[in-house]
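Q: just coords:
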DNA sequence: TTGTATGCGTTATCAC
DNA sequence: GTGATAACGCATACAA
């Protein structure tokens, strides 16, 4: 008990005793067992984070943002990913809940029935992040993917384009990029609103999109619709792939074809021409989610569900021209 | 106790009782508390993973490789990162050990004294990964970064180049990319061995390197050493940045300047010209490390320290020409 | 086939 | 200022 006190409330222990304990701790390289501590205090210090994948930098930025805020408060992230599979997500959520996290943060708001049921009845904060969440389980921090698609459409239309296309993945069984699909639906809506054709929107290949996907599918799109003037890609990765494919085909960007991405990945800033994109600050999303976790776990938790919108920015660079 | 049995050894329970339990479990959405379970069984099911950052895809691939192997065996990764700081790494290791992981995997073999001391006396498998490890704490899975640098030098020399440069970060206090630095030392050694100058090796800017770093520092290098014929970058990210800077400056790659990277990032395959690079299969490293964890935790653990070298491959693409 | 007693390593609580 | 006791929620060992 005295050891426990020295390590958590040292001021309650006489200096001399404290020293003796600390010496023993040092010489034994004693590291307290938080498993036992958690059981006793009923506080694990875990915050669970579910990502689609670890290999997308923007999702990693969410993790970094969360860490920025939670690490100083001695929380430990419990990070998993589901490879864009709702089924896998459900089992991951179940596994995470077994660890008794004090809060759970999820990138994406599309859940299987079972996952939704699990999340609906946990007694910890649930925060869905980086997705359209008109009806979140509890709280949400993010932006509207549909709005991103609309912004892309509006920007192209402002620039005078009418033959507007897009590159996205094709949902395939359990495997789907729901957030990318939402962006495409936003674009479609905008095109229809302006009486423009949506036939140049190409959904093909499995999620998630990639450089290769962008390069390959741009080729397909150009073959099918040689008249396309502007292409929105659901991710900068696909957009950069498309841009490189244009270089290889001798298609001048933006003079012959305009390209817009989403996500503002670092690579978009460095390519030639630099990539016009729609930016969401994922690290900020992580930070805000982290702060929300702290607030919800704090002494005066907000009563109502929080819906924080970090907004979207159209970053105009060189890859989009005008008619 | 019967519930516990139903969930772990259902065959020991009468079918009817089992059904009643499962029904209760379902209706209550009961998820067993693994914190308590871990305390009782003295097995947490955690495997700790320490990365420099979550934002480097190759490190993420290590995590994915580990997950490939460990998830089917019901292990849960406990992932942290240290932002390339040894001090932070030490505190992360300490925090992780408090969770009583059954094994710990670290990307990188450079540890602070304190971290080394901690790792030296834990009674779980310790696996250092993706680094030069002539003297690992216990086990190692990876490749030689020095060898990567040597390979780069040899390739350039074979191609007839003599004015060979490189781009790397500058260690800055606690912050350093030890693995990148090792690659540079390998290159230096190779250059010296062949009587070539090492003055065109530029160490500048903080770790980790990035697209921007590559673009900016290539400019610096060209200004200082306009005669440079071939540049090795410690990471594909810097190499792609350098390549793009060449495009902007009208420096023809590979005709006027050859560029080689390290890591075989996806982006290198899609740029024009495609990037010659040195490849290490990071996902395989993760898988092998995971398998090693299973072996070491299994009934017949290997007695001697394992040192698995997954090797390096020079991937010849378009960005390196010849004299 | 099911149930009871016990212990895992901490910490809250209360006694000294 | 320090120590004794009980409890956290499971699983092991054993009894019934």
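A: Looks like it came in fine. Because the structure is predicted, anything quoted here is derived from the model rather than measured.
Q: are stretch A:96-107 and DNA strand C in contact anywhere?
A: No: judged by Cβ under 7 Å from any atom of the strand, stretch A:96-107 stays clear of DNA strand C, getting no closer than 13.2 Å. The C-beta positions use only the backbone N, C-alpha and C, and glycine is treated the same way.
Q: for that stretch, how far is the first residue from the last?
A: One end of stretch A:96-107 to the other measures 15 Å (Cα to Cα, to the nearest Å).
Q: so which residues make contact with it?
A: A:38, A:43-52, A:59, A:62, A:66, A:75, A:78, A:80, A:89, A:93, A:118-119, A:122, A:124-131, A:289, A:293, A:296-297, B:31-35, B:76 (Cβ atoms under 8 Å, 6 or more residues apart in numbering or on different chains).
Q: what ranges do the strands span in chain A?
A: Ranges of strands within chain A are A:46-51, A:76-81, A:103-107, A:126-129, A:139-142, A:164-168, A:201-203, A:230-233, A:258-262, A:276-279, A:307-309, A:313-315, based on DSSP state E.
Q: which of the contacts of stretch A:96-107 are close to DNA strand D?
A: Counting by Cβ under 7 Å from any atom of the strand, the members of those near DNA strand D are B:32-33.
Q: quick one: buried ones out of the contacts of stretch A:96-107?
A: Buried subset of the contacts of stretch A:96-107 (neighbour count, 16 or more other Cβ atoms under 10 Å in any protein chain shown): A:38, A:44-52, A:59, A:62, A:66, A:75, A:78, A:80, A:89, A:93, A:118-119, A:122, A:124-131, A:289, A:293, A:296-297, B:31, B:33-35, B:76.
Q: how about the residues of chain A near DNA strand C?
A: Going by Cβ under 7 Å from any atom of the strand, the residues of chain A near DNA strand C are A:1, A:4, A:7-8, A:32-33, A:35-37, A:39-41.
Q: who wins on neighbours among these?
A: residue A:35 (22 neighbours; other Cβ atoms under 10 Å in any protein chain shown).
Q: contacts only, for that one.
A: Here residue A:35 is in contact with B:35, B:38-39, B:44, B:99-100 (Cβ under 8 Å, 6+ apart).
Q: check residue A:50 too.
A: Neighbours of residue A:50 in contact, by Cβ under 8 Å, 6+ apart: A:80-82, A:89, A:92-93, A:96, A:104-108.
Q: distance of it relative to chain B?
A: 13 Å (Cβ to the nearest Cβ, to the nearest Å).
Q: so that residue bridges to which residues?
A: Beta-bridge pairing of residue A:50 under DSSP bridges involves residue A:80, residue A:106.
Q: still on that earlier bit, pick the one among the contacts of residue A:50 closest to DNA strand D.
A: Among the contacts of residue A:50, residue A:96 lies closest to DNA strand D (Cβ to the nearest atom of the strand), at 14.9 Å.
Q: confidence score at that closest one?
A: The model reports residue A:96 with a pLDDT of 98.
Q: again, but for the one 10 residues further on
A: In the predicted model, residue A:106 carries a pLDDT score of 98.
Q: can you name the two of the residues of chain A next to DNA strand C that are farthest apart?
A: A:1 and A:35 (18.5 Å; Cβ to Cβ).
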